[in-house]
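1. Fold the following.
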Amino acid sequence: MRRLRNTKIVATLGPSSSDYEMIRALHEAGADVFRLNMSHGTHDEIREKHRIIRKVERDVDRPIGILADLQGPKLRVGTFANGSEELEPGAIFRLDLKEEEGTLSRVTLPHPEIFAALEPGADLLVNDGKIRLKVRDCGADWADCEVTIGGTISNRKGVNVPDAVLPLAALSEKDRGDLEFVCQLGVDWLALSFVQRAEDVTEARTLADGRAAILSKIEKPAAVKAFDEILEVSDGIMVARGDLGVEMPVQAVPPIQKRLVRACRKAAKPVIVATQMLESMIESPMPTRAEVSDVAAAIYEGTDAVMLSAESAAGQYPVEAVTTMDRVAQEVENDPNYRQIIEASRTDVRGSVADGIVAAAREIAETTDIRVICCFTQSGRTALLTARERARVPILAMTSLRGTARRLTLSWGVICLMTSELERFKQAVVNGARGARQMGLADESDQIVITAGVPFNTPGTTNILRVAPCDERLIFASTPD
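-> As a prediction, this is how the structure comes out:
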């Protein structure tokens with residue numbers, strides 16, 4: 001089952017997509033990676049979804065990626081004596097640490113770290129920005145705020161603090177427990193919520209200890225400011241536009257999205273564009289035109305993947321949502337303008353031998369009749385560098401490590417195929433030709449480009465490129481050991 005597109009699709013699992021039949025249907029409709037949202041569901045429920053995904057993987061005989069999305073620190077107000085209150089614009093409303101039920105004039109905000117970071121003039125956003133408060137005066141355990149945008153405030157609504165870098169670790173105690181749990185399960189990617197600084201990523205990487213790749217969610221102004229440092233220590237990025245659009249002016253989000261996608265492409269690290277992409281399909285079998293344009297815009301930018309959240313997790317039409325994304329991606333990628341945009345935004349990188357080899361492989365493939373670029377990889381780095389080139393021909397990544405194959409399911413254009421460990425270069429050429437034919441990417445009359453590293457099975461040694469026939473008789477006659 002070969003996808004007819006290069007952009008990957010991430011589908012979140014939830015109440016609407018929790019059994020074998022639905023998860024398999026989502027994969028067959030186009031989902032390449034499944035997201036497990038650790039904000040919802042017990043460990044037993046997460047374990048069962050993981051088991052089902054791996055069963056689907058075995059049944060369809062192709063790698064499937066699993067992304068565990070950690071909840072992150074949640075900042076919420078306390079409870080109200082009446083359950084809720086109506087805040088009027090211009091009123092003064094106090095937030096404090098008192099363990100008393102809230103009233104029309106105050107409520108508990110049980111986060112002393114927020115008060116430590118507040119200054120007069122700072123904005124506080126409640127309930128996804130529906131209520132806005134401006135700090136007029138504050139102390140170590142209180143803040144008097146003017147209501148600038150009123151509304152109904154109720155129990156345990158979330159609070160965003162866009163104007164301050166909070167002295168909060170990105171990993172709560174719940175996150176630490178969840179991280180260890182999903183790493184033991186064997187997920188492929190860990191998504192970190194509310195990252196503010198590179199140190200947040202480094203902490204998670206230490207705890208994961210190589211068992212999963214680390215993907216940083218960019219959803220706070222502080223993360224945008226520190227993006228270069230965060231990208232450097234991350235394996236991938238998610239542009240999480242929901243909270244980002246709450247904490248920043250909504251008109252600032254599209255330029256930020258473009259900048260972040262381009263930076264990830266240059267760094268050869270996969271990037272996901274996420275949040276509200278087909279939001280109306282939670283309740284409707286058809287998306288809005290604006291939503292389709294939003295998905296298309298991300299694909300034109302060259303994102304590695306687009307993501308469905310509630311659409312596939314809790315919506316009424318999960319398969320239809322994945323199918324819609326698949327069709328939009330195919331349509332965009334068949335547009336001649338897509339190629340022009342992708343190639344115009346390609347950044348030449350002059351650095352390592354591997355950089356030069358993958359650039360040469362793409363150039364050879366696009367200026368001759370080469371049908372596929374086949375790369376042998378252990379760590380996945382060669383495949384990531386090849387994907388960065390956004391070549392016009394398919395990329396076949398061959399590896400003996402299943403974990404590498406699963407992680408690469410998130411990367412643009414990469415088709416993963418398991419192979420045995422190699423000892424000689426001729427084995428690589430033969431396996432590459434067989435793999436290209438097996439996946440329907442080439443036949444015996446075609447030629448392929450092969451990149452590999454010698455000695456084999458050693459990460460980071462990409463140092464060889466060869467154009468080879470797909471006919472094994474010609475391979476044995478022309479290829480040295």
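
2. Could you work out the end-to-end span of stretch 110-120 for me?
-> Using CA to CA, to the nearest Å, the gap from the first to the last residue of stretch 110-120 comes to 19 Å.

3. buried residues in it?
-> Of the residues in stretch 110-120, those buried under the neighbour-count criterion (16 or more other CB atoms under 10 Å) are 111, 114-115, 117-118. Every C-beta, even on glycine, is put in place using the N, C-alpha and C of the backbone.

4. can you list those residues in TSV and add distance to A344?
-> Conversion of the buried residues of stretch 110-120 to TSV gives the following (distance: CB to CB, whole Å):
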residue	distance to A344
H111	46
I114	44
F115	49
A117	42
L118	45
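
5. ok, of the residues you listed, which one's closest to A452?
-> Each of these was checked against A452 using CB to CB; the closest is A117, at 50.9 Å.

6. who's in contact with that closest one?
-> A117 sits next to 161, 164-167 when contact means CB atoms under 8 Å, 6 or more residues apart in numbering.

7. If you rank these by neighbours, which is first?
-> Looking at those with neighbours defined as other CB atoms under 10 Å, the largest count falls to V161 at 23 neighbours.

8. ok, that one - contacts?
-> For V161, the contact set (CB under 8 Å, 6+ apart) comprises 75, 114, 117-118, 122, 124-125.

9. Greatest separation within the residues you listed: which pair is it?
-> Pairwise over those, using CB to CB, the maximum falls at A117 and L125, 14.6 Å.

10. For A310, the count of nearby residues, please.
-> The criterion is other CB under 10 Å. On that basis, A310 has 19 neighbouring residues.

11. Relative to A452, how far out is it?
-> The spacing between A310 and A452, counted by CB to CB, to the nearest Å, is 43 Å.

12. next one: D369
-> According to CB to CB, D369 stands 22 Å off from A452.

13. Repeat that for R3.
-> Where A452 is concerned, R3 sits at a distance of 24 Å (CB to CB).

14. More neighbours: those two, which one.
-> Each of R3 and A452 has its neighbours counted (other CB under 10 Å); A452 has more, 24 against 16.

15. Which secondary structure element is home to E331?
-> helix 318-333 (DSSP states H and E).

16. just the angle between the helix or strand following that helix and helix 318-333, please?
-> Following the chain from helix 318-333 toward its C-terminal end, the next helix or strand by DSSP H and E is helix 336-344. Helix 336-344 and helix 318-333 meet at an angle of 70 degrees, taking axes from the mean of the first three to the mean of the last three CA atoms, to 10 degrees as the criterion.

17. If you count neighbours, what's buried in the host helix or strand of I153?
-> I153 belongs to strand 151-154 when elements are defined using DSSP H and E. Applying a neighbour-count criterion of 16+ other CB under 10 Å, one finds 153-154 buried in strand 151-154.

18. Listing partners with orientation, what would you give for that strand?
-> For strand 151-154, the pairing partners within the sheet under DSSP bridges are strand 84-87 (antiparallel).

19. pLDDT on the helix or strand just after the strand it pairs with, on average?
-> Using DSSP H and E, the next helix or strand after strand 84-87 towards the C-terminus is strand 92-96. Along strand 92-96, the predicted local confidence has a mean pLDDT of 97.

20. Extract the C-alpha trace of strand 92-96 and format it as PDB.
-> Extracted C-alpha coordinates of strand 92-96, given in PDB (Å, rounded to 0.1, in the frame of the first residue of the first chain):
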ATOM      1  CA  ILE A  92     -11.400  44.500  39.400                       C
ATOM      2  CA  PHE A  93     -10.800  40.800  39.900                       C
ATOM      3  CA  ARG A  94      -8.300  39.200  42.300                       C
ATOM      4  CA  LEU A  95      -6.300  36.000  41.800                       C
ATOM      5  CA  ASP A  96      -4.600  34.700  44.900                       C
END
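
21. Tell me where the model's unsure across this structure.
-> Applying pLDDT under 70 to the predicted model, the residue ranges of the chain that meet it are 1, 457, 460, 476-481.

22. From the contact counts, what lies against the longest helix along it?
-> Under DSSP state H, the helix in the chain containing the largest number of residues is helix 43-60. In this structure, helix 43-60 packs against helix 20-29, strand 33-37, strand 65-69, helix 173-185, with contacts taken as 3 or more CB pairs under 8 Å, 6 or more residues apart in numbering; DSSP states H and E.

23. if we can go back for a sec, export the contacts of V161 to CSV and append columns for distance to V322 and secondary structure.
-> CSV is the format used below for the contacts of V161 (distance: CB to CB, whole Å; DSSP: H, G, I helix; E, B strand; the rest coil):
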residue, distance to V322, secondary structure
L75, 33, coil
I114, 39, helix
A117, 41, helix
L118, 43, coil
A122, 41, coil
L124, 37, strand
L125, 32, strand
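
24. And those, which is closest to C416?
-> Closest approach between the contacts of V161 and C416, by CB to CB: L75, at 39.0 Å.

25. So the closest one is in contact with G158, correct?
-> Yes - between L75 and G158 there is a contact at 6.4 Å, judged by CB atoms under 8 Å.

26. and the two? which has more neighbours close in?
-> When neighbours are counted by other CB under 10 Å, L75 comes out ahead of the other of L75 and G158, with 20 against 15.

27. Let me see the contact set for that one.
-> Contacts of L75 were listed using CB under 8 Å, 6+ apart, and they are 109, 111, 114, 158-161.

28. at 6 Å instead, please
-> Contacts for L75 were tallied using CB atoms under 6 Å, 6 or more residues apart in numbering; they are 111, 159.

29. Output the strand holding I153 in CSV with nothing but the alpha carbons.
-> Extracted in CSV, the C-alpha atoms of strand 151-154 (Å, rounded to 0.1, in the frame of the first residue of the first chain):
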residue,chain,number,x,y,z
GLY,A,151,-17.4,36.7,30.2
THR,A,152,-18.3,33.6,32.2
ILE,A,153,-15.5,32.2,34.4
SER,A,154,-16.1,28.8,35.9
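
30. Good, we can wrap up now.
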